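# I would like the atomic coordinates for the input below:
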Amino acid sequence: MKPGGDGLIAQLRQPPGGRDARLMLLGQFLDRAGTGVWAAACVLYFTFVVGMDGGRLGLLLGAAGVAGIAGSPVAGRLAQRFSVRALLVGCHLLRLGAVLALLALTDFFALLAVVALICAGDRAAKTLEMIFATEAAGERRATYQALSRSVANAAYGVGAGVAAIGLAVGTLGAYRALIVADAASFVAAAALVLRTAPRRGRAPADRPADETAAPPAASNPWRDHRYLLFVLLDIPMTIDGAILDVGLPLWLVHHTDAPHTLVPAFLVVNTLMVVLLQLRVTARFSDTGGALRALPRYGLLVLLGCTLLAVSGTGGAWTASLFLIACTVLITLAELMRSVSSWELAVRLAPEDARPAYLGVAGMSQSIEKSVGPPALTSGVMAAGPLGWIGLGVGVVGLSLLQRRLCAGRLADASTTPPRIRARHSPRVRPTSSPSTTYDSDATQTGCR
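Numbering: from 1, shown residues only. Purely as a prediction, here's the structure:
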């Protein structure tokens, strides 16, 4: 047992990374709470305050989400050269200015540019936080990431609750107050990041002897075809988010007799499970072997959840409700597995001297899934009926096995490569004084969660 205990509260008091990690997690909580406020209010704000019709609103959020994909690789590349602390503060201030600009803008194209900027800033900030975790938490980075996810989910719930109060009031002043609340969260988060101390990344020679060596690969992730294949496979392996956010509610409404009031329960179940269970799941699958074991379990859980969705329309209201809640539990468990495997493997497969750039590319997978997942479900899977859900589950099982084989093979190649050959073919390690290995100790959502 680790010092201070292994429970959520104990770990939050003494997180991997110490004082700076506590500051960063508090900053993430405030950031995500503000983001939750805006995410819950943005559609109604653009509809009732700006006067935007449904077609333009969909185009605005969709195009901005696509533009936001660029945030992750740009942040990763910049983190190779500049301080993560300075970059993260810059992301918070960028989003602060963009959110405040919403108060003065009504032109569609101006709003499109601003919302795209917010989405890109959200993704960039999350990537920088990931890079911080790899440097500050060391071998316990998976534990830090689990704490971060628990904090984020709790914060989104708080933000949605605050937004509900403003939306109930429904006046122009209330909508503007919600925007200001989101902006204030960025100010607070930036102030907390500034309180952290600079930290230098570890050189490979400082790595523990039992830590799996990073695979030999090109220092440019865009030329590392095996890593790009891992990222490509990771896109459909994040389909759990689209199932929970889009698939479950729409299937309930159009294909079952379950009451519509059940829809909010999906979010409640998911949030509570992530907050309460993420740390425990991470503890069981936190190392490289555990991440590989989690992949087929993810596929199996998605298949079981999709099977319940497929048969949920065959019974009455009570049967459908039970099947849909059970599906929510299974898909959330899959999400917990995926968060461990995707995170740990993205780090392990990246060469250490180019890790920020690699993690920036890996961060694109969730952004892309947020853009293509919902339309793929509605126009493809759900259009095919129950068989569509079964096909999706079987497909995810196959992809999980393929990704496991790919990752295991790459890691095995790295472990069997003689040290001299590895040094000759791996990217040259820069001195620790280089800007590319300098990070702050402690090192999103406009509809871009």
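
# how about the strands in the chain?
Under the criterion DSSP state E, the chain contains strands at 198-200, 438-440.

# and the ones you listed, which one is worst for confidence?
Lowest mean pLDDT of the strands of the chain: strand 438-440, a mean of 33.

# so where is the stretch 1-150 of the chain shaky, pLDDT-wise?
Low-confidence segments of the stretch 1-150 of the chain (pLDDT under 70): 1-6.

# Helices of that one, residue ranges please.
Ranges of helices within the stretch 1-150 of the chain are 8-13, 18-44, 54-68, 71-79, 84-101, 108-136, 141-169, based on DSSP state H, counting those that start in this stretch.

# so which of the ones you listed gets nearest F285?
Smallest distance to F285 across those (CB to CB): 8.1 Å, for helix 141-169. Every residue, glycine included, has its C-beta placed from N, CA and C.

# Contacts only, for the residue nearest to V394 when sequence neighbours are not counted.
Closest residue to V394 apart from its sequence neighbours, by CB to CB, 6 or more residues apart in numbering: L303 at 6.5 Å. Contact analysis of L303 by CB atoms under 8 Å, 6 or more residues apart in numbering lists G393, V394, V396, V397.

# The last one reaches L301, doesn't it?
Spelled out, that is V397. No - in this structure, V397 is not within contact of L301 by CB atoms under 8 Å, at 9.8 Å.

# Which of these two has more residues huddled nearby?
Comparing V397 with L301 by other CB atoms under 10 Å, the one with more neighbours is L301, at 26 against 18.

# So for the closest residue to the more buried one other than its chain neighbours, what's the pLDDT?
The shortest distance from L301 to any non-neighbouring residue, by CB to CB, 6+ apart, is to A334 (3.8 Å). We note a pLDDT of 95 for A334 in this prediction.

# Share the number of residues neighbouring A334, please.
27.

# go on, G54?
9.

# Pull up the gap between it and L61, please.
Per CB to CB, to the nearest Å, G54 is found 11 Å from L61.

# and what of S150?
27 Å.

# D257 contacts F323, doesn't it?
No - the pair D257 / F323 is not scored as a contact, 11.2 Å apart, by CB under 8 Å.

# Could you tell me which residues touch both of these two?
Contacts common to D257 and F323, judged by CB under 8 Å, 6+ apart, are G315.

# For those two, indicate the residue with more neighbours.
F323 (22 against 14).

# Show the contacting residues for the more buried one.
Neighbouring residues of F323 by CB under 8 Å, 6+ apart: L308, L309, V311, S312, G315.

# Look over those and name the one with the lowest pLDDT score.
G315 (82).

# Tell me the confidence at G159?
Note for G159: predicted pLDDT of 89.

# Quick check: closest non-adjacent residue to it.
G36 (2.2 Å).

# How about the contacts made by the one you found?
A155, Y156, G157, V158, G159, A160, V162, A163, Q445.

# how about 7 Å then?
Applying CB atoms under 7 Å, 6 or more residues apart in numbering to G36 gives the contacts A155, Y156, V158, G159, A160, Q445.

# next one: L26
By CB under 7 Å, 6+ apart, L26 lies in contact with L192.

# Give me the distance between it and P15.
Taken as CB to CB, the spacing of L26 relative to P15 amounts to 10 Å.

# now D234
Distance of D234 to P15, given as CB to CB: 26 Å.

# for L8, same thing?
Per CB to CB, L8 is found 11 Å from P15.

# neighbour count winner among these two?
In this view L8 and P15 are compared by other CB under 10 Å, and P15 has more residues nearby, 24 against 19.

# Excluding chain neighbours, what is closest to the more buried one?
Spatially, and ignoring its direct neighbours in sequence, P15 is nearest to A21 (4.1 Å; CB to CB, 6+ apart).

# May I ask you to confirm that the one you found is in contact with G138?
No - using CB atoms under 7 Å, A21 is not in contact with G138; the gap is 11.0 Å.

# which one of the two has more residues nearby?
A21 (26 against 16).

# ok, now which ones touch the more buried one?
P15, A136, A137, Y144, D442.

# try 10 Å
By CB atoms under 10 Å, 6 or more residues apart in numbering, the contact list for A21 reads 11-12, 14-15, 132-133, 136-137, 140, 144, 147-148, 196, 441-443.

# That one and E352, how far apart?
Computed with CB to CB, the distance linking A21 and E352 is 21 Å.

# Next, the contact list for the residue nearest to L301, please.
A334 makes contact with 237, 239-240, 243-244, 294, 297-305, 396, 400, according to CB under 10 Å, 6+ apart.

# 8 Å instead?
Per CB under 8 Å, 6+ apart, neighbours of A334: D240, R297, Y298, L301, V302, G305.

# Check pLDDT for those residues and point me to the minimum.
By pLDDT, D240 ranks lowest within the contacts of A334, coming in at 92.

# Model confidence score at the residue most central in space within the chain, please.
Against the mean C-alpha coordinate of the chain, by CA atoms, centre = their mean, the closest residue is Q366 at 6.3 Å. In this model, Q366 is scored at 83, pLDDT.
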